[in-house]
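A.B. asks: sequence and predicted model, in that order:
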Amino acid sequence: MVDRQQSFLPVIGWREWVTLPQLGIPHIKVKVDTGARSSSLYAVDLQKFEKNSEQWVAFTVHPTQRSRVNAIRTEAKVLEFRSIRSSSGQAEIRPVIVTEITLLGKTWSVELTLAKRNNMGFRMLLGREAFRERFLVDAGKSYYGGRPKRNKPRQSHK
């Protein structure tokens, strides 16, 4: 039985395009992962530093799947360091940041762990804590929010 409140929630698919405005990421494809509690962002070249007596981390994001082009270097305040168990059962300590996410015209804050795992199929996993009581998930469809416009390939001049 569907809760009356849930029937008014917008629907998202099992994969969507989101924006991370505070990190300067205009679009990144996410896997909406109802099996994962927390959300994770693939990040490399992590460097911890202090700013105003607070712990921060600088990192690089490659927002395009299977590509290292269009790398974005950004930084965020660290909320905490948390032990996260991956789907393979391995536990590791990861920095957790809080940043805004935009999906289907809604913007809200989410906690993201920064993962250095090269085998992540998607550059970002959106765990159920991030979308609970905001969206319903249609596991059979994708891109309810549409797809970003692709840049036309450049013509080579010979």
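C.D. replies: Arrived safely.

A.B. asks: can we go C-alpha only for contacts and neighbour counts from here?
C.D. replies: Fine.

A.B. asks: where does pLDDT dip in this structure?
C.D. replies: Scanning the chain for pLDDT under 70 picks out 1-7, 87, 118-119, 151-158.

A.B. asks: checking my notes, residue 129 in a strand, right?
C.D. replies: No - Residue 129 is assigned helix when assessed by DSSP: H, G, I helix; E, B strand; the rest coil, not a strand.

A.B. asks: and the residue lying closest to it once chain neighbours are set aside, how many neighbours?
C.D. replies: Using C-alpha to C-alpha, 6 or more residues apart in numbering and skipping the chain neighbours, the partner closest in space to residue 129 is residue 37 (5.7 Å). Residues near residue 37, counting by other C-alpha atoms under 10 Å, number 13.

A.B. asks: list the contacts for residue 37?
C.D. replies: Contact analysis of residue 37 by C-alpha atoms under 8 Å, 6 or more residues apart in numbering lists 127-129.

A.B. asks: by neighbours, which of these wins?
C.D. replies: Comparing the contacts of residue 37 by number of neighbours (other C-alpha under 10 Å), residue 127 comes first, having 22 neighbours.

A.B. asks: in stretch 65-79, what counts as buried?
C.D. replies: Applying a neighbour-count criterion of 16 or more other C-alpha atoms under 10 Å, one finds 72-79 buried in stretch 65-79.

A.B. asks: closest to residue 145 among those?
C.D. replies: Taking C-alpha to C-alpha as the measure, residue 145 sits nearest to residue 72 out of the buried residues of stretch 65-79, at 22.8 Å.

A.B. asks: what pairs with that closest one across the strands?
C.D. replies: Note on residue 72: beta-bridge partners by DSSP bridges are residue 61.

A.B. asks: thought it was touching residue 60?
C.D. replies: Yes - in this structure, residue 72 is within contact of residue 60 by C-alpha atoms under 8 Å, at 5.5 Å.

A.B. asks: what about the strands in the chain?
C.D. replies: Per DSSP state E, the chain has strands spanning 11-13, 15-20, 25-33, 39-42, 44-51, 54-61, 72-85, 91-103, 106-115, 124-127, 136-138. These are given in chain order.

A.B. asks: so what's residue 73 closest to, chain neighbours aside?
C.D. replies: Nearest residue to residue 73, sequence neighbours excluded (C-alpha to C-alpha, 6+ apart): residue 60, at 4.4 Å.
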